[in-house]
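Student: attaching a predicted model along with its sequence, questions to come.
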Amino acid sequence: MPHKHVTFHHPLAFWSGCACVVAGVLAHLPMLAMAAPMHYRLAGMPMDRLMLAGMALVPLGVLLSAYGLMPRLAQMRRTLHAERSPLPFHVADQAPLNREHWKLVIALTLALAVDVMKPATIGFVMPGLAAEYGISAATGGLLALSALIGTTVGSVVWGRLGDLFGRRATILLSALMFMGTSICGAMPAFGWNLVMCFMMGAAAGGMLPITFTLMAETIPTAHRGWLLVALGGVGTSAGYLMASGAATLLEPAYSWRALWLLNLPTGALIVLLNRYIPESPRFLALAGLEDQARAVLLKFSGHQPPVQDLAPQPATQAHDAPRVGLRQLLRGRHAAITGGLMVCAVAWGLANFGFLLWLPANLIGLGIDAQASAALLARSAILALPGIALVVGCYQRWSSIRTLVSFIALTTAALLLFFIIGALQLHSDALTTAATVLLLLSISGVIATLIPYAAEIYPVHLRSTGAGLIAGGSKLGGILGALLGVLGLFEHFMLSALLIALPMGLAAWLLARRGIETRGHGLEAIQRVLSE
C-alpha cells in the first residue's frame with residue numbers, strides 16, 4: 001500500500017464534520033465582535049439565532065467526523081476478536097531513526113504541547129472570568145474542578161477508544177473537540193463554561209495516553225525509551241509556555257475569552273498535521289488490516305526489507321493464546337504492575353495538585369515570609385529544571401523500571417523530609433530549599449516516566465486502555481487533592497506529607513518487586529516475559 005495509508009475510513013464524513021465544527025465556532029464570532037466596545041463582555045446577554053445554530057452545528061460536526069474516523073463494523077469485529085498479529089515488527093523495531101520517525105515525533109510533540117496548553121490556560125482565564133460573571137474565587141474554582149474531572153474521564157474513555165478504533169482516530173477526535181470547545185470563549189453564561197470546560201478536559205485527558213501509545217508502537221526499540229520521556233518533558237514545558245505566552249499577548253487586548261477561542265486554530269493545527277500521524281502498525285495488524293500495517297512498517301523501516309521479512313508468519317509460540325478482555329490488566333504479573341502504577345498515579349496527583357499547591361502557605365507557617373517563600377519556590381524550580389535530562393538519561397542508558405522506582409522513592413523521601421522539618425520545626429532556608437528541589441525534581445521524574453512505562457508494558461489490544469487508566473489515576477489523585485484541600489487536610493503540613501508518602505512508598509515496593517525491565521526490549525518480547 002502506498003504512502004496514502006494516512007487516510008480516513010469515511011473521508012467525506014470526516015471533512016464535512018470538520019467544516020460543521022468550524023462553521024459552528026465562526027457563528028459565535030459576530031455577537032462577540034459586537035461586544036468589542038465593552039471589552040468583549042457578554043455576561044447576561046441572550047444568545048442570538050446565529051449563535052444557537054452554531055451550538056447545534058458543533059456537536060453535529062464532531063459526530064460526523066467521529067463516524068469518518070471509525071472503522072467499518074467488519075473491521076471493528078476483527079479488532080475485537082483477532083488473534084495476535086503474525087507480522088514481524090522487528091523490521092521497523094531494529095531500524096535507525098529516519099526522517100519519517102522525526103516527522104512523527106515533531107507532530108506528536110506539537111499535539112502534546114497543544115494538549116497541555118488547554119488545561120494550563122484555565123489558571124489565566126479564571127481571574128477575568130470571575131470578574132465578568134461576578135462570581136467568587138471559590139465558584140470560579142469549579143471551572144478547574146470541571147476540567148480535572150473531564151481529564152480523568154477522558155483518560156479512561158479515550159484510552160479504551162484508542163484500543164477499539166485506533167490511536168490516530170482518537171488523537172484527531174480530541175483535536176476536533178478542542179476546536180468545538182472554543183465556543184466557550186463566546187458563552188454569555190458561566191454554566192456553559194463549566195460544560196465546555198469538562199469537554200475540553202475530556203479531550204485533553206484522552207490525548208495524553210494515546211500519544212505515548214502511538215509513539216511506543218512506532219519508534220525503534222533502541223530509541224523508544226528516551227524519546228517517550230523526552231516527549232513528555234518537552235511537550236509539557238512547551239504547553240505551559242504557550243499558555244502563558246498567549247495570556248500575555250492576547251488577554252490584555254481581547255480579554256480572557258481570546259484564550260478559549262485559541263482552541264480553534266490549535267485544534268485545527270493537529271488536524272492539519274494528520275498526514276504525519278500514521279496509524280500504529282500494531283493496531284492495524286490487530287484489526288486485520290495487514291496490508292496497511294505492512295505499508296507503515298515499510299515507511300518506518302527506512303529501506304525495502306526482504307520479502308520474507310514482511311510476509312505473514314504463523315503464530316506458533318505458546319504465548320499466542322486468544323486474547324482476553326480488561327481482566328488481563330488485573331491478572332498475573334500485569335495485576336501487580338497495574339496496582340503499583342495506579343497507586344503511584346493517585347499519590348502523584350495528591351502530591352502535585354494538593355501538597356505542592358498548599359506548600360507556599362505552609363512555608364509561611366514555618367516562619368518564612370510570603371515574598372521569601374515565593375523566591376524560594378522559584379529558585380527551587382530553576383534548580384530542578386535540569387532534572388528532565390537526568391530522567392531521560394537514566395531511562396535510556398540505565399533502566400526503565402529502576403528509574404521509575406528511584407524517582408518514586410525520591411518523592412517518598414522528599415515528603416518524609418518535609419514531615420521531619422514540620423515535626424522538629426526546623427527553620428532552615430537551606431534545608432527547606434533542598435526538600436523543595438528534591439520534591440519538584442522527583443515528582444517531575446515520576447510523571448515523566450510513569451505514562452511511558454505504562455505504554456510499554458501492556459499488550460497491544462490493551463496498551464491504550466492501560467496507559468489511559470494510569471493517566472486517569474493521576475487526575476483522580478488531583479480531584480482527591482482538591483477535595484481534601486477544601487476539607488483542610490493540607491493545612492496540617494506533617495500529616496499530609498506523611499499520608500502521601502505512605503502510598504508512594506507502597507508503589508515503589510510493588511514495582512521494585514514485580515516490575516519488569518523494558519529498556520532495549522521489543523514490545524512483543526516484553527509481553528512474552530509477562531506471560532511466563
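Tutor: Nice, I can see it. Predicted model, so just to flag it, every value in this text is computed and none were measured.
Student: run through the stretch 201-350 of the chain and note the low-pLDDT ranges.
Tutor: Across the stretch 201-350 of the chain, the ranges flagged by pLDDT under 70 are 302-328.
Student: tell me where it has helices.
Tutor: Secondary structure of the stretch 201-350 of the chain (DSSP state H, counting those that start in this stretch): helices at 221-254, 257-261, 263-272, 281-286, 290-301, 307-310, 332-350.
Student: count of neighbours near residue 290?
Tutor: 18 (other C-beta atoms under 10 Å). C-beta: built from backbone N, CA, C; applies to glycine.
Student: ugh, wrong one, residue 487
Tutor: Residue 487 - counted by other C-beta under 10 Å - has 9 other residues nearby.
Student: quick one: closest of the helices of the stretch 201-350 of the chain to residue 165.
Tutor: Among those, helix 281-286 comes nearest to residue 165, with 9.1 Å by C-beta to C-beta.
Student: let me have the helices of the stretch 201-350 of the chain in CSV, adding distance to residue 138 as columns.
Tutor: Listed next are the helices of the stretch 201-350 of the chain as CSV, based on distance: least, C-beta to C-beta, whole Å:
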stretch, distance to residue 138
helix 221-254, 22
helix 257-261, 21
helix 263-272, 26
helix 281-286, 44
helix 290-301, 50
helix 307-310, 60
helix 332-350, 21
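Student: deepest in the core, which of those helices is it.
Tutor: Highest mean neighbour count of the helices of the stretch 201-350 of the chain: helix 281-286, a mean of 26 (counted as mean count of other C-beta atoms under 10 Å).
Student: list the contacts for the spatially most central residue of the chain?
Tutor: Using C-alpha atoms, centre = their mean, the residue of the chain that lies closest to the mean C-alpha position is residue 208, 2.2 Å off. The contact partners of residue 208, taken as C-beta atoms under 8 Å, 6 or more residues apart in numbering, are 112, 115, 155, 451, 471.
Student: ok, now with 10 Å
Tutor: Residue 208 sits next to 111-112, 115-116, 151, 154-155, 158-159, 174, 232, 235-236, 451, 467-468, 471-472, 474-475 when contact means C-beta atoms under 10 Å, 6 or more residues apart in numbering.
Student: how about residue 472?
Tutor: 151-159, 205-206, 208-209, 342, 345-346, 349.
Student: tell me how far it lies from residue 454.
Tutor: Applying C-beta to C-beta, to the nearest Å, the value for residue 472 to residue 454 is 11 Å.
Student: mind listing the shared neighbours of the two?
Tutor: By the contact definition C-beta under 10 Å, 6+ apart, residue 472 and residue 454 are jointly contacted by 159, 209, 342, 345.
Student: would you mind giving these as JSON lines with distance to residue 36 added?
Tutor: JSON lines is the format used below for these (distance: C-beta to C-beta, whole Å):
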{"residue": "159", "distance to residue 36": "42"}
{"residue": "209", "distance to residue 36": "40"}
{"residue": "342", "distance to residue 36": "49"}
{"residue": "345", "distance to residue 36": "44"}
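Student: which one of those sits closest to residue 253?
Tutor: residue 209 (36.3 Å).
Student: helices or strands next to the strand or helix carrying residue 173 in the packing?
Tutor: Taking DSSP states H and E as the criterion, residue 173 maps to helix 167-180. Packed against helix 167-180 by the contact rule (3 or more C-beta pairs under 10 Å, 6 or more residues apart in numbering; DSSP states H and E) you find helix 11-26, helix 49-69, helix 99-120, helix 137-165, helix 190-216, helix 263-272, helix 281-286, helix 463-486.
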